[in-house]
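>>> need a structure here:
(chains A and B)
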Amino acid sequence: AQSVAQPEDQVNVAEGNPLTVKCTYSVSGNPYLFWYVQYPNRGLQFLLKYITGDNLVKGSYGFEAEFNKSQTSFHLKKPSALVSDSALYFCAVRDVYGNNRLAFGKGNQVVVIP
Amino acid sequence: EAGVAQSPRYKIIEKRQSVAFWCNPISGHATLYWYQQILGQGPKLLIQFQNNGVVDDSQLPKDRFSAERLKGVDSTLKIQPAKLEDSAVYLCASSPGLASYEQYFGPGTRLTVT
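Numbers count the residues shown, from 1 in each chain, chains lettered A, B, ... in the order given. As a prediction, the model looks like this:
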């Protein structure tokens, strides 16, 4: 089955510093990868996706992600973190063998310290 | 455009009671999803509808969970009887169609079973 792993539970970063949230994937065939963000008491919001093409994908709110096939990774990045980026971040892969359902990682809590 | 609506936002019930959640997807979206998000985990797909037909319910505990989307618009998810381990946030999402990459999530219903 297709799956993703988010190895860290919480990521702490100072405001203005670069932010990286890690994700590795395990798939058969070409991966369809996604990042979602969840703010307190709100539903998940789509940030970006990788389907094909350039390995560097740009998304909402200044976020980008780098697809690395050799390392089977899809890390989320932001050059300069804001306090408002504090939220729960989920990596997901589309399970093309399972009716295209999304398989989510466990999530990473990001805390941006003022 | 209006987002995905869910109600109630919060529900507290005792074990063995029944409960129902309602979801109204974005207008025109043919595909509707119900997810269960247990604290500390990523969302897990329970059931997926295409219009009023079930596409995937392989991860739905059918002995106690049921869902319907009779007219291909609104959907209801029911739990009867509830168990302590059903305590979670239940998320509804919709997308224009099965081939769509992006899913739009509602705010969720937080269920506490005591």
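>>> okay, CA-based contacts and neighbour counts for the rest of this
OK.
>>> Around residue A:104, how many other residues sit close by?
Applying other CA atoms under 10 Å in any protein chain shown, we find 25 residues neighbouring residue A:104.
>>> That one touches residue B:40, doesn't it?
No: Residue A:104 is beyond contact range of residue B:40, at 12.0 Å (criterion: CA atoms under 8 Å).
>>> what's near enough to touch residue A:104?
A:3-4, A:90-93, B:42-44 (CA atoms under 8 Å, 6 or more residues apart in numbering or on different chains).
>>> hmm, I was thinking of residue B:34
With contact taken as CA under 8 Å, 6+ apart, residue B:34 is in contact with B:45-48, B:77, B:90-93.
>>> Please repeat the previous calculation with a cut-off of 10 Å.
Residues in contact with residue B:34 (CA atoms under 10 Å, 6 or more residues apart in numbering or on different chains) are B:23, B:43-49, B:57, B:60, B:67, B:75-77, B:90-94, B:105, B:108.
>>> filter these down to the ones near chain A?
Restricting the contacts of residue B:34 to those near chain A by CA under 10 Å from any CA of the partner chain leaves B:43-48, B:90-93, B:105, B:108.
>>> Now the two most distant members of those residues.
B:48 and B:108 (16.0 Å; CA to CA).
>>> Tell me which of the two has more neighbours.
Just comparing residue B:48 and residue B:108: by other CA under 10 Å the higher neighbour count belongs to residue B:108, 30 against 26.
>>> For that one, give me the pLDDT.
We have a pLDDT of 95 for residue B:108.
>>> isn't it right next to residue B:7, touching?
Yes: using CA atoms under 10 Å, residue B:108 is in contact with residue B:7, at 7.9 Å.
>>> Identify the contacts common to the two.
Counting by CA under 10 Å, 6+ apart, the residues touching both residue B:108 and residue B:7 are B:21-23.
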